[in-house]
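> The amino acid sequence is not available; the structure is as follows:
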């Protein structure tokens, strides 16, 4: 039997992953930049921390391919040991109390679609407290766009 095959972009895959996390709100924006340029900027952990509204720093502790462990420090001094996947165009990191996710895909007709989610995680569950998730993601996309404008 020949089953149809579907190729998903990283953003489509990201939407499906986020849909399984209660409280996760995906915020998306199309930016007028090449995907490679956006991916390169988001793959730099120093820039990654500058872009995300609640982060002050992100330090790589371990890497095995695209699997990473990152120590993140928040704007209020909180710290988290984030684990997950981090590669150009894709990020899904989580700790006991935080989830941060980003995906990038070429937009048909030009530009790059960037999708974000994240927030405070409900301990013991794959859920995000849905307070200010969209606002923080919009701030993060604003910061990314300003950095790309250079």
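Right, received. Where do you want to start? In this text the structure is predicted, and so the values were computed from the model without any measurement. Residues are numbered from 1 along each chain as shown.
> And the contacts of the element among helices and strands of the chain having the smallest mean pLDDT?
The weakest-scoring helix or strand in the chain, judged by mean pLDDT, DSSP states H and E, is helix 45-51 (a mean of 86). For helix 45-51, contacts defined as C-beta atoms under 8 Å, 6 or more residues apart in numbering pick out 41-42, 55-60, 70, 72, 86, 91, 140, 143-144, 147. Any C-beta I mention is one placed from the backbone N, CA and C, and that applies to glycine too.
> Mark which of these are part of strands, please.
55-60, 70, 72, 86, 91 (DSSP state E).
> quick one: the strands in the chain?
27-31, 55-64, 67-74, 79-87, 90-94, 98-106, 112-120.
> Relative to residue 61, how far out is residue 124?
According to C-beta to C-beta, to the nearest Å, residue 124 and residue 61 sit 24 Å apart.
> The two: who's more crowded?
For residue 124 versus residue 61, neighbours defined as other C-beta atoms under 10 Å are more numerous around residue 61 (11 against 7).
> need the contact list for the nearest residue to the more buried one once chain neighbours are set aside.
Once flanking residues are discounted, residue 61 sits nearest to residue 69: 4.5 Å by C-beta to C-beta, 6 or more residues apart in numbering. Shown in contact with residue 69 (C-beta under 8 Å, 6+ apart): 60-63, 81-83.
> Quick test: name the residue nearest the centre of this protein.
Nearest residue to the geometric centre of the chain (C-alpha atoms, centre = their mean): residue 102, 2.1 Å.
> For beta bridges, what are the partners of that residue?
residue 91, residue 116 (DSSP bridges).
> where's it relative to residue 22, distance?
Distance of residue 102 to residue 22, computed by C-beta to C-beta: 19 Å.
> from memory residue 144 sits against residue 112, does it?
No: shown here, residue 144 and residue 112 do not form a contact pair, counting by C-beta atoms under 8 Å, at 10.2 Å.
> which residues are common contacts for those two?
31, 38.
> rewinding a little: by neighbour count, which of the contacts of helix 45-51 wins?
Top of these by neighbour count (other C-beta under 10 Å): residue 91, with 26 neighbours.
> For it, give me its contacts.
Contacts of residue 91 by C-beta under 8 Å, 6+ apart are 42, 48, 84-85, 100-103.
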